[in-house]
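Colleague: here's my sequence, what's the structure:
(chains A and B)
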Amino acid sequence: SAVISQKPSRDICQRGTSLTIQCQVDSQVTMMFWYRQQPGQSLTLIATANQGSEATYESGFVIDKFPISRPNLTFSTLTVSNMSPEDSSIYLCSVVGGATGELFFGEGSRLTVL
Amino acid sequence: AQSVTQLDSHVSVSEGTPVLLRCNYSSSYSPSLFWYVQHPNKGLQLLLKYTSAATLVKGINGFEAEFKKSETSFHLTKPSAHMSDAAEYFCVVSEWNTGNQFYFGTGTSLTVIP
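Modeller: Below you'll find the predicted structure:
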């Protein structure tokens, strides 16, 4: 299993500002995933963060809006840039672990943009 | 194309009665299937997983799911609902043949009536 810590757990931000979310894993992992969960919705994959290479973004998500860092095998950050109220969501960090390849999730970062 | 359909967006049961949360999937290859639970203001927790072993899978908190290939279904059941089961449930399918892709259902909100 993997234990994932995310910071901040929640924040209230002003329109036009940026916020960086941190994700720390207790073991080395190749890939880390960032998901967005809008209110009352399912999870949508934003990007896959690989150590030593550029993150791979899903359709509808761009690096300028959601820059990602992956400096080592246990840590990643996601920045939500130039925020608008539509960015109010839960942002979840996830890794694949175990012999059967299940996803492990952090507790999420609950972001409210005013 | 791979997809996951959770047939009910909301399910309401009385405490002590059985729970049935339905999930159908489409997959081109042998899939791995998962059920996750998300309690309010929490991250996602793995309930159980199917990975081509026994078709009846037992998970935590008394939940079970049966993989039925002929019906492309992976329904989640529990004989007797408890108040603490009230949460959001997500069915997830992954196919490692096509890369590290996880496909999420839209979620089922379970209400338990005392």
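Colleague: quick check, pLDDT for B:Thr98.
Modeller: The score at B:Thr98 is 57. That number is its pLDDT.
Colleague: what does chain A put close to chain B?
Modeller: Contacts of chain A with chain B, taken as C-beta under 8 Å from any C-beta of the partner chain, map to A:4, A:31, A:33, A:41-43, A:45, A:48, A:92, A:96, A:100-108, A:110. Where you see a C-beta, it was placed from the backbone N, CA and C, and this is true even at glycine.
Colleague: among these, which are located in strands?
Modeller: Among the residues of chain A next to chain B, DSSP state E puts A:4, A:31, A:33, A:43, A:45, A:48, A:92, A:96, A:102-105, A:110 in strands.
Colleague: tell me the contacts of the residue positioned nearest the centre of chain A?
Modeller: The centroid of chain A falls nearest to A:Trp34 when counting by C-alpha atoms, centre = their mean (3.4 Å). Shown in contact with A:Trp34 (C-beta atoms under 8 Å, 6 or more residues apart in numbering or on different chains): A:23, A:45-49, A:66, A:68, A:76, A:78, A:91-94.
Colleague: which one of these is nearest to chain B?
Modeller: A:Leu92 (6.2 Å; C-beta to the nearest C-beta).
Colleague: if we can go back for a sec, can I get the contacts of A:Trp34 in CSV including pLDDT?
Modeller: Formatted as CSV, these follow (pLDDT from 0 to 100):
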residue, pLDDT
A:Cys23, 97
A:Leu45, 94
A:Ile46, 96
A:Ala47, 95
A:Thr48, 93
A:Ala49, 93
A:Phe66, 97
A:Ile68, 96
A:Ser76, 96
A:Leu78, 97
A:Tyr91, 97
A:Leu92, 96
A:Cys93, 96
A:Ser94, 95
